[in-house]
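Novice: Whatever this is, show me its structure:
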Amino acid sequence: MTVPVDAAPSGTDLGDPAFWRLPEESRAAAFARLRERPGPVAFTDRATGRRCWALVRHADVTTASRAPEVYLSGPGVTTPEPARWVRAVFGDSMVNLDDPRHADLRRVVGRAFTPRLLGKVEQDIREIAAGLVDRLERERPTDFVTAVAAQLPYQVICSMMGIPPEQRRRILARLDRAAASTGVARSVFRVPGRGLRALAALQLTVAAIGRERRRRPTDDLISALVTADVDGRRLGSRELGAFFSLLLVAGVETTRNALAHGLHLLTVHPEQRALLLGDPDAHLGGAVEEIIRYSTPIVQFRRTVAVDHRLSGTSLAAGDKVVLFYGSANRDEAVFTAPDAFDITRSPNPHLGFGGGGPHFCLGAHLARQEMRTLFRELFTRLPEIRSTAAPETVPSSFDHRVRALPFTF
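Specialist: The predicted structure is shown next:
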């Protein structure tokens, strides 16, 4: 049984993979029309035939994010939701948990980020960024994603977690295979077994490292997570594996995509680039925030309605699925002046690129900002002529704003 898309303008079907293969400008225009509606917009989930509600306005996405007792993450926040057997085998990611389990796990993870560890991470980011620019000058690669954008957050995460250097290349290959199986609109390209095998290999690798760290702790995040004692609580092997997978997919993929989009945005908006290069101290922070708003690396997460209630005049029933479209919220005309303009001086900039607040606000937001600031400062200081030479090659997806490749020169 299918549910008619009775609230969306003609030709706009958010559940159809074909919509997500449209040019970005066409999708942005469609979302602008949807935001003219007074509340959530109905569309059909092609996988289940069920009606879903799209939250496309900034206020609605923020409301749902900050009411976790009404909008549950537990059934799963991705589309499609993870199968029960997958969660049983691989463990629950923090993004798919509600309180008290979410709060319990987040507390253990938060305690592991000690001042000493954070200080080491800051130093690692500076050293890795400088090393990447050194390599650019020596080797002169032509793809910014593989040479720089994918490398910085990945090397930072591996260093922070204490992943041995000899294992990193193999883990990165598995990460690429796992990430390639995410997102509704990639359904025609997906090889689920391949992605799950890659995920299993990732978790087995980190579980083995975790067992070793329990016996012989070192000064890294895995050691802190498996030896921490927060009210008698520490991470088990499955929890550690699920957290590592979340760090890799969320922490690496999102920052990689923001960096790639950022270089291109600063190329095609030369007046904004001139502002940044003229006074990096004044504009670097604003540039990072605007890149995240404009590109929105995570397009959407979903929630499940816990109780009957009304949102912006629309009745939602317990069990309904709502989809939080962060990219649309970040172009909301009610919040942002000239939302389609790229403006590094935009202030305030209450974007939802890291979520809409509440308990699931991105745990790695500070790290991502730090990585972006450090890398762009290093690049534009040492290679001020660096620029993209073509538009980013993106991957059609309703889940993330993934960049496969970005040609560049300097």
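
Novice: tell me the pLDDT at the most centrally placed residue in the chain?
Specialist: By CA atoms, centre = their mean, the chain has its centre lying nearest to residue 254, at 3.9 Å. Note on residue 254: pLDDT of 93.

Novice: For it, which non-adjacent residue is closest in space?
Specialist: Using CB to CB, 6 or more residues apart in numbering and skipping the chain neighbours, the partner closest in space to residue 254 is residue 297 (4.0 Å). For the C-beta atoms, the positions are set from N, CA and C on the backbone; glycine is no exception.

Novice: What residues sit buried inside stretch 221-237?
Specialist: Buried residues in stretch 221-237, counted by 16 or more other CB atoms under 10 Å: 221, 222, 223, 224, 225, 226, 228, 234, 235, 237.

Novice: And the residue nearest to residue 254, its phi and psi?
Specialist: Main-chain dihedrals, residue 297, degrees, to the nearest 10: phi -60, psi -40.

Novice: Is it in contact with residue 252, as I believe?
Specialist: No. Using CB atoms under 8 Å, residue 297 makes no contact with residue 252, being 10.9 Å away.

Novice: export the buried residues of stretch 221-237 to TSV and tack on distance to residue 159?
Specialist: TSV is the format used below for those (distance: CB to CB, whole Å):
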residue	distance to residue 159
221	9
222	11
223	13
224	14
225	15
226	17
228	19
234	22
235	19
237	22
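
Novice: Which of these sits closest to residue 258?
Specialist: Distance to residue 258 across the buried residues of stretch 221-237 (CB to CB) is lowest for residue 221, with 21.9 Å.

Novice: Just the pLDDT for that closest one.
Specialist: pLDDT recorded at residue 221 is 89.

Novice: wait, it sits on residue 163?
Specialist: No. Using CB under 8 Å, residue 221 is not in contact with residue 163, being 9.9 Å away.

Novice: for the stretch 51-200 of the chain, what are the low-confidence residue spans?
Specialist: Within the stretch 51-200 of the chain, the segments meeting pLDDT under 70 span 176-196.

Novice: Quick one: the helices in it, in order.
Specialist: 58-65, 84-90, 101-112, 115-139, 144, 151-161, 165-179, 192-215 (DSSP state H, counting those that start in this stretch).

Novice: So which of those is the most surrounded?
Specialist: Here the criterion is mean neighbour count by mean count of other CB atoms under 10 Å, and of those the winner is helix 144, at a mean of 28.

Novice: elements contacting that one?
Specialist: For helix 144, the helices and strands in contact under the criterion 3 or more CB pairs under 8 Å, 6 or more residues apart in numbering; DSSP states H and E are helix 254-268.
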